[in-house]
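My questions are about this predicted structure, shown below with the sequence.
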Amino acid sequence: MTSIFGGNYVSYEVSLELPATRKFAKQWRLAFVTIYCSRAITASTKKAKKFPRKSPSYTSISIPCQAPSAGSDHPSSFQIDQSQLTKLVKEKDLCHLQEFGGVNKVASTLETDILAGISGDPDDVSRRQNAFGVNTYKKPPAKGLFHFVVEAFKDLTIMILLVCAGLSLGFGIKENGVKEGWYDGGSIIVAVFLVIAVSAGSNYRQNRQFEKLSRVSGNILIDVIRKGRRQQVSIFEIIVGDVVCLKIGDQVPADGLFLDGHSLQSDHVEVNRKENPFLFSGTKIADGYAQMLVTSVGMNTMWGEMMSSISRDNSEQTPLQDRLNKLTSSIGKVGLAVAFLVLVVLLIRYFTGKTQDENGNREFSAGQTTGNDIINSVVGIIAAAVTIVVVAIPEGLPLAVTLTLAYSMKRMMADQAMVRKLSACETMGSATTICTDKTGTLTMNQMKVTKFWVGKDSVAENTYSSASNFVLGLIWDGVALNTTGSVYRSSSGSEYEFSGSPTEKAILSWAVSQLSMDMEETKKSCEVIQVEAFNSQKKRSGVLIRKSLDDTFHVHWKGAAEMVLAKCSSFYDESGIVKGLDEDERMGFEQIIQGMAASSLRCIAFAHKQVSEEAIKEREDGKKIQEDGLTLLGLVGIKDPCRPGVKSAVQACQDAGVNIKMITGDNIFTAKAIAAECGILSPGDDAFSGAIVEGAEFRSYTPEERLQRVEEIRVMARSSPFDKLLMVQCLKQKGHVVAVTGDGTNDAPALKEADIGLSMGIQGTEVAKESSDIVILDDNFASVATVLRWGRCVYNNIQKFIQFQLTVNVAALVINFVAAVSSGNVPLTAVQLLWVNLIMDTLGALALATERPTRELMEKPPVGRTEPLITNVMWRNIVAQATYQMAVLLTLQFKGESIFGVDEAVKRTLIFNAFVLCQIFNEFNARKLEKRNVFEGIHKNKLFLGIIFVTVVLQVVMVEFLKRFADTERLSWGQWGACVGIAAMSWPIGWVVKCIPVPDIPIFSYLGLKSKKLARKIVH
């Protein structure tokens, strides 16, 4: 009988004994089905379940109940549930683990083959996710639109305006009725709400953008073994039962148990099979490598519980935003002072009877004017003063930064750069020096063994049979057992798949294809006793093994050729004879290594030593694997070609005034060859000129010598992560803004110390990525140059908007102040000023903040640390445009009626219209701070043109159709032409002004207003 209910359920089998007779069978069955269904459902809520004993004739009915959630008492079909797994691992209960049967027993109950992993097919993955959950955690809800609306309402000036609008609305309705009296107060309320809506909408959109990018940055690729094959999956796709491969720098993706590995340290705590097999999500691998059995994922891990309670703060303040906040505060104080003066002047003029209404009558007469009229007039005066403050405070500056950062982050993502810290976007624009790695950044990271030497004989490809089989056998052991890579082949006729670092893959591929190495057989014939994993300080890795055939013990080392050679006292020649390594022989090998290095080859050496059983005792005493008195087995040269386009990218950075320094672990000859190929070194640069140095030599300098020579260095070879950190510190002391690339765990200090840390997305460890500000997704130096260009674009876009906004602020403040003091009224009403505020704050920011990088950005020197945000060029443009606007609009204020032959209302509309159109035309001028052709590339920025079009349409609507709302009068074609002509004059004025040269020294330094630090810089 089929299941009664559909869906994903756990099945309970209920046995119903049926008599042989078939009379009334249908009704009889139905009755019993009903009875037993009710019984089964009742029993399913109890812990103990008793089922009827099966008899010779019975029918099985599936009674489904709701599928268990992860962590319930009934994980489908598995012999262990989530609560037991949690108790085993989260509580670090070693005794309980041993009682259960150890790690292998846990693996078998999870249906995991510890060598081949899980099957990983969709049904298996779905079954495990249903039973144990998925590897994600609940996040606190993101900030909604309402949150940003409330934040916008908290602005003090907005609140004052709303209060004024409310009072004006109340008195207006009381005096003129609802039909006529709501216009003044209602118009301000509508305008305020429009400003709030646009501001909140923009902030909400950018917050969503940052949330999306943070999700992308958390999507880490993890190495797992499924169906015997090593493959990469997203951290979110890790499931219980997976066998995860861990190496130095990895983040542990879930809770689990140690299966196999060597020298593993998780957050500097040793992890092993016997004493501490527990691994926890979120911790980092500090040393060694291992395979881990996943036992808990997502919310069932301590990391998941913790992260679900942490709210991610996207309100990071960048240094530029801090500077702009200070600028905003300073301008705001000036605006407050002006607004207060306007308020005092208007109140004095009103109460002394010097103001007149629309009909020419005095607005205030002592003893005659009603209280309602007085309050209404005072509220209008206060609203005008507060509106001046609203226009004066350039709150659009932080918004402009947010917009341009969000836009550039999105574009940089498409250009293979993921921003982790907002401040890096703008700081990169100031970078003066980039310290870059070689492997994978300047080169393609597609390595291949092209040279092989046994003794002093070069063995040509496909002639390896001429070498001694004994030596080749030892090289097999050294390759197969001293590696973190793996070889997979699905069937005898299929292609091999290699995994691991590019160097490991190149050596494994060479050993399998050229030396006919059988990795599985080699591993089976030996037992690994101890491993010393490779790291960037030792530049070599070692392994101690026991051969099963003769029970002998052997040490194998592999690593940087000259470092391994230094530990050797003998070598095998091509026929397998051991020879002593005297000074002449050693010099001969060094020349071989230098020759390969000069051909841009990375040189790797293999060395071997048979040791006594005492090595086991030494291991138990905690001593390292023997590394002296080794016998050299052979040398390989690995070719890693330069990336296409890297030379032009280096040249572009150098043309932009940015110094490029290559810091590599390779020897000095390989480093010099690659640096020359990439254009970092010029033909005359060498060690004698100070352009090339080794890490050990750089470390040996005194602090004074390092500071003296650091700027001359172009290449540092055989460097350690500490050398990279030391160079960054020296460069920063010299006043440089430093960007550093890094991919290893030990690069973390240098990445943090640098002004901009750039980690590698492919080869970079999770520790390196978390220490960095930007992740270069394709590991390509060309992408670093792109980040530099975008950084400069961000800085330049902000400067454009500052120039545009300060012009509006200065003009609006002066016009309102002069008009208020001289004539007693403000030419621009509260609603009109709020409209101007909307144009310049939001629409202006959107138009200017989304300009894309241009070629001329990379033709200027970097701005460095101490350059002022508002340059002399910007002050020149601001003063010129603001002066022109003030002159024209104040002329209209005092002579407009006679010039155009119009009344007061039309004159005010002319002033408002001309002022807004001036800002629209000046937006074009702001596109180029120095270039006279402001229309260059404008067709590429569709958003800018769209915003200009929308602004013009809305201005026409404001003037022609919203008379009562905006307090305007309709204008004739001639009057519109005059307004457009006045505004269009800003283009030729801008062209002429840009011909005027300005000094390089910041103008305020002449007045003694710049900081002491900048003054010292100018003096020196």
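Alright, I've got the coordinates. Numbers count the residues shown, from 1 in each chain.

Next up, the contacts around residue 579.
By CB atoms under 8 Å, 6 or more residues apart in numbering, the contact set of residue 579 is 455, 570-573, 585. From N, CA and C alone the C-beta is placed, and that goes for glycine too.

Pull up the pairing partners for the helix or strand it falls within, direction included.
Assigned by DSSP states H and E, residue 579 belongs to strand 578-580. Strand 578-580 pairs in its sheet with strand 568-572 (antiparallel), by DSSP bridges.

Mean confidence (pLDDT) on the strand it pairs with, please.
Average pLDDT, strand 568-572: 94.

got a list of contacts for that strand?
454-455, 468, 471, 474, 578-581, 585, 589, 607, 628-634.

Try it again at 7 Å.
454-455, 468, 471, 578-581, 607, 629-633 (CB atoms under 7 Å, 6 or more residues apart in numbering).

With stretch 990-999 instead?
Counting by CB under 7 Å, 6+ apart, 872-873, 876-877, 880-881, 925, 930, 932, 934 sit against stretch 990-999.

Just those residues: which are in helices?
872-873, 876-877, 880-881, 925 (DSSP state H).

just to revisit the earlier point, taking the contacts of residue 579 as a set, which two sit the farthest apart in space?
572 and 585 (12.2 Å; CB to CB).

Which one's more surrounded, those two?
Neighbour comparison, residue 572 and residue 585: the larger count goes to residue 572, with 24 against 17 (by other CB atoms under 10 Å).

if I look at the spatially closest residue to residue 456 that is not a sequence neighbour, how far off is residue 731?
Leaving aside its chain neighbours, residue 456 sits nearest to residue 588 (5.9 Å; criterion: CB to CB, 6 or more residues apart in numbering). For residue 588, the distance to residue 731 equals 39 Å [CB to CB, to the nearest Å].

just residue 329 next, same as before
From residue 329 to residue 731 the distance is 33 Å (CB to CB).

How about residue 752?
Taking CB to CB, one finds residue 752 at 15 Å from residue 731.

How about residue 126?
53 Å.

Between these two, tell me which one has more neighbours.
Neighbours around residue 126 and residue 731, counted as other CB under 10 Å, are more numerous at residue 731. The numbers are 24 against 12.

That one contacts residue 709, correct?
No: checked against CB atoms under 7 Å, the pair residue 731 and residue 709 is beyond contact range at 11.6 Å.

how would you label the residue nearest to residue 456: helix, strand or coil?
Here residue 588 is recorded as helix under DSSP: H, G, I helix; E, B strand; the rest coil.

Look at it and say how many residues are nearby.
Residues near residue 588, counting by other CB under 10 Å: 14.

What confidence value was assigned to it?
pLDDT, residue 588: 93.

Let me see the ranges of the strands in the stretch 701-850 of the chain.
Secondary structure of the stretch 701-850 of the chain, counting by DSSP state E, counting those that start in this stretch: strands at 715-717, 738-742, 756-760, 774-776.

To clarify, my last question referred to the stretch 251-400 of the chain.
Under DSSP E, counting those that start in this stretch, the stretch 251-400 of the chain gives strands at 255-266, 269-270, 278-279, 285-296.

circling back to that earlier point, from the contacts of strand 568-572, which is closest to residue 967?
The closest of these, once distances to residue 967 are taken by CB to CB, is residue 607, at 89.3 Å.

And residue 275, how close does it get to residue 674?
For residue 275, the distance to residue 674 - CB to CB - is 45 Å.

the more surrounded of those two?
Shown here are residue 275 and residue 674; by other CB under 10 Å, residue 674 has more neighbours (27 against 8).

pLDDT score for that one?
90.

Over to residue 59?
Note on residue 59: pLDDT of 34.

again, but for the one 4 residues further on
Residue 63 is assigned a pLDDT of 33 by the prediction.
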